[in-house]
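[1] 3D, please:
(one chain, ligands or ions: 2)
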Amino acid sequence: MQAFTRQGNVLHAEGVALTAIAAQFGTPTYVYSRAHIEASFRAYTQALEGCEHLVCFAVKANSNLAVLNVLAQLGAGFDIVSRGELERVLAAGGQASKIVFSGVGKSRDDMRRALEVGVHCFNVESDVELERLQEVAAELGVKAPVSLRVNPDVNPKTHPYISTGLKENKFGIDIEQAPAVYLRAASLPNIDVQGVDCHIGSQLTEIEPFLDALDRLLALIDTLAAQGVTIHHLDLGGGLGVQYRDEQPPLAGDYVQAVRERIAGRNLKLVFEPGRSIVANAGVLLTQVEFLKHTAHKDFAIIDAAMNDLIRPALYQAWMDVQPVTPRDGELRNYDLVGPICETGDFLAKNRDLCLAEGDLLAVCSAGAYGFVMSSNYNTRGRAAEVMVDGSNAHLVRERETLQSLFAGERLLPAE
Ligand SMILES: Cc1ncc(COP(=O)(O)O)c(C=O)c1O
Ligand SMILES: N[C@@H](CCCC[NH3+])C(=O)O
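    Ligands and ions are numbered 1, 2, ... in the order given. Have a look, this model is predicted:
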């Protein structure tokens, strides 16, 4: 679905003009569409009808409580990577029994809390993590449900910083070592082997790498069965890409269908951990032009959002579309859109042909995933507000950070 459309000349989120949101809540502000989040989630669950499944939203992509709550109301599970994300999910009304716990560095406290609340599964990423989990579960007198995250060594054909399923990556257990680790897991008294898990990377735009990984996991499941270890669920992680510019990623329904065909006849529950494909195009970052600076070499639009608000362009040279909220007629100029931060890398877009004036509003598109969650307070900038639109209503779902709150926890040295 298209959450952000022009009505008249003005860009709207569902039924609300972005001009009205800027007037009410200021800028920079993240704006999300509830309907888009729901439709993207349902694309997975509808394609999974008739097949035992759990769709676990990857909380790292957007952890706002309202976003999590909207998904929890649809029966979503959640993929978490920290104690903090666990507490967020519970605070937002998510069910512990639908949580999968990923991540290479789970502390004993993380494990204890997850066992106490009863998560669905731990995605264990190393042999040493398995031993630690055994110890913590034994202390509590419980059995920990476990999948091993297997590194299938397939090339996801995405940006190197967001590839995770290659041998040289830090994630998961080498697929050749996996049978031995499974046998060890099956022998541990406080470990309950449940599944196999993988996640090969993010922003994948083709189905083939997913299916390559799936084939390798199915071969592993057969090897394990021959050794007496039964696997009940298959977790294929997240990774499905979205359209930022002209990419044509597969639709969630087509991807799920292809997976279902490959596992036909097997008694396996399917788990997915989508993040970006649920929320990226459900959000924009709304920002305002502070100055237009014309130099002999370049035209700059200095905007009130910066790399601290949205780091993807600086970190991955990610291309994000930028739309004027109310386009104006006139001469186009080639702008770099830069923030107020003292870094050359502080840009949100480069070489965009736009007709702009001071005070104009711009929407940085596809910013609902890995946007606010990766923001920081660099240059002592408060983080942006977050607003969720639901039909014709706009709700503030996170207040803009006040400057006082930025140094509230700091202390001066005692007076001499
Ligand atoms: C283990 C795991 N699961 C799920 C995701 C979500 O990925 P995506 O946002 O690409 O769907 C990630 C992030 O890449 C991840 O590391
Ligand atoms: N943060 C990245 C994706 C990393 C996914 C986390 N495993 C992005 O914005 O594209």
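[2] neighbours around E399, how many?
    For E399, the neighbour count with other Cβ atoms under 10 Å is 12. Backbone N, C-alpha and C define where each C-beta goes, glycine included.
[3] contacting residues around it?
    A385 (Cβ atoms under 8 Å, 6 or more residues apart in numbering).
[4] tell me the pLDDT at it?
    For E399, the pLDDT comes out at 98.
[5] hmm, the lengthiest helix in the chain touching ligand 1?
    The helix that spans the most residues within the chain, counting by DSSP state H, is helix 208-226. No: for a cut-off given as Cβ under 6 Å from any ligand atom, helix 208-226 has no contacts with ligand 1; the smallest distance is 11.2 Å.
[6] could you number the chain from 61 rather than 1 from now on?
    Yes, from this point I'll number from 61; that puts the last item at helix 268-286.
[7] remind me what that helix packs against, helices and strands.
    strand 204-211, helix 238-247, strand 251-257, strand 293-295, helix 312-323 (3 or more Cβ pairs under 8 Å, 6 or more residues apart in numbering; DSSP states H and E).
[8] how about 6 Å then?
    helix 238-247 (3 or more Cβ pairs under 6 Å, 6 or more residues apart in numbering; DSSP states H and E).
[9] now the strands: where do they sit in the stretch 261-410 of the chain?
    Using DSSP state E, counting those that start in this stretch, the strands of the stretch 261-410 of the chain run over 293-295, 329-332, 343-354, 359-363, 382-384, 393-398, 407-414.
[10] reformat those strands as TSV; add distance to ligand 1.
    Putting those into TSV (distance: least, Cβ to the nearest ligand atom, whole Å) gives the following:
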stretch	distance to ligand 1
strand 293-295	9
strand 329-332	9
strand 343-354	13
strand 359-363	26
strand 382-384	22
strand 393-398	25
strand 407-414	20
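[11] would you reformat the ones you listed as a markdown table and include mean neighbour count and mean pLDDT?
    Below are the strands of the stretch 261-410 of the chain laid out as a markdown table (neighbours: other Cβ atoms under 10 Å; pLDDT from 0 to 100):
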| stretch | mean neighbour count | mean pLDDT |
| --- | --- | --- |
| strand 293-295 | 23 | 98 |
| strand 329-332 | 22 | 98 |
| strand 343-354 | 21 | 98 |
| strand 359-363 | 21 | 98 |
| strand 382-384 | 19 | 98 |
| strand 393-398 | 19 | 98 |
| strand 407-414 | 18 | 98 |
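[12] closest one to D213 among the ones you listed?
    Closest to D213 of those, according to Cβ to Cβ: strand 293-295, at 17.5 Å.
[13] contacts for that closest one?
    207, 255-257, 328-331 (Cβ atoms under 6 Å, 6 or more residues apart in numbering).
[14] try 7 Å
    With Cβ atoms under 7 Å, 6 or more residues apart in numbering as the test, strand 293-295 has contacts from 160, 183, 207, 254-257, 277, 323, 328-331, 333.
[15] and what of stretch 136-147?
    The contact list for stretch 136-147 (Cβ under 7 Å, 6+ apart) reads 101, 114-120, 123, 149, 154, 158-163, 169-170, 173-174, 180, 333.
[16] try it again with 6 Å
    For stretch 136-147, the external contacting residues (Cβ under 6 Å, 6+ apart) are 114, 116-120, 149, 154, 158-163, 170, 173, 333.
[17] report the entries of these that also contact ligand 2.
    Near ligand 2, by the rule Cβ under 6 Å from any ligand atom, you find K120 out of these.
[18] sorry, back to before: now the contacts of strand 293-295 in a markdown table, with distance to Q62?
    A markdown table is the format used below for the contacts of strand 293-295 (distance: Cβ to Cβ, whole Å):
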| residue | distance to Q62 |
| --- | --- |
| V160 | 31 |
| N183 | 34 |
| S207 | 36 |
| Q254 | 39 |
| G255 | 36 |
| V256 | 37 |
| D257 | 33 |
| L277 | 35 |
| I323 | 32 |
| L328 | 35 |
| K329 | 33 |
| L330 | 28 |
| V331 | 29 |
| E333 | 25 |
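[19] narrow the residues you listed to just the buried residues.
    Among the contacts of strand 293-295, the ones that count as buried by 16 or more other Cβ atoms under 10 Å are 160, 183, 207, 254-257, 277, 323, 328, 330-331, 333.
[20] before we move on, which element is V188 in?
    Using DSSP states H and E, V188 sits within helix 187-200.
[21] list the helices and strands that helix packs on?
    Applying 3+ Cβ pairs under 6 Å, 6+ apart, one finds that helix 187-200 makes contact with helix 168-177.
[22] how close does the residue nearest the centre of the chain sit to ligand 1?
    Geometric centre of the chain, nearest residue: A121, 1.9 Å, by Cα atoms, centre = their mean. Distance, A121 to ligand 1, by Cβ to the nearest ligand atom, to the nearest Å: 5 Å.
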